[in-house]
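Peer 1: any chance you could fold what I've pasted below:
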Amino acid sequence: MRPRLSPDEFDACVEEALAQVPPAFARYIENVVVVVEEEPAVEDYEETDTADDDELFGIFRGMDVFDRQSAVSHLPGQIAIFRGPILRTCRSKGEAIREIRDTVVHEIGHVLGLSDEEMPY
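Peer 2: Numbers count the residues shown, from 1 in each chain. Model (predicted):
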């Protein structure tokens, strides 16, 4: 059974996950736009080297915070959290909420320049 989270509830879960980011890390995402999108684009799969038949829960689009400091001109980074894949994959509301939180934290890791292999989970 798939969890039932309305778009507003899903957005609130993302906001709650962001509110729980410790201040030492939150300062690095002050200029990062966080959006919820229904599905990843083909380009998102290509950018992340994710197989077409795998679900992609989120992506960081942009330069990590340390590369951005040396760039002459840059746009703000963007974290996208994908509602469809998370809700399709999770079996309960609690599992979906945990996955939203984990995905937000994971993408913040990318903002900080960490690769997938360097992530704690």
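
Peer 1: and the nearest residue to Phe66 once chain neighbours are set aside, helix, strand or coil?
Peer 2: Distance criterion C-beta to C-beta, 6 or more residues apart in numbering; nearest residue to Phe66, sequence neighbours excluded, is Gly113 at 5.2 Å. Every residue, glycine included, has its C-beta placed from N, CA and C. Following DSSP: H, G, I helix; E, B strand; the rest coil, Gly113 is assigned to coil.

Peer 1: give me the distance between Gly113 and Glu47.
Peer 2: 16 Å (C-beta to C-beta, to the nearest Å).

Peer 1: do the same with Glu38
Peer 2: As judged by C-beta to C-beta, Glu38 and Glu47 stand 18 Å apart.

Peer 1: where in this structure is pLDDT low?
Peer 2: For the chain, the stretches flagged by pLDDT under 70 are 1, 67-74, 121.

Peer 1: which residues of it fall in strands?
Peer 2: With strands called from DSSP state E, the chain shows them at 33-37, 58-61, 78-82.

Peer 1: so what strands line up beside the shortest one?
Peer 2: Pointing back at strand 58-61 there. strand 78-82 (antiparallel) (DSSP bridges).

Peer 1: dump the partner strand to PDB, restricted to CA.
Peer 2: Only the C-alpha atoms of strand 78-82 are listed here, as PDB (Å, rounded to 0.1, in the frame of the first residue of the first chain):
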ATOM      1  CA  GLN A  78      18.800  24.000  -6.500                       C
ATOM      2  CA  ILE A  79      17.800  20.900  -4.600                       C
ATOM      3  CA  ALA A  80      14.800  19.000  -6.200                       C
ATOM      4  CA  ILE A  81      13.000  16.400  -4.200                       C
ATOM      5  CA  PHE A  82      10.900  14.100  -6.400                       C
END
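
Peer 1: show residues contacting that strand.
Peer 2: By C-beta atoms under 8 Å, 6 or more residues apart in numbering, the residues outside strand 78-82 that reach it are 14, 29, 32-40, 44, 56-62, 100, 103-104, 107-108, 111.
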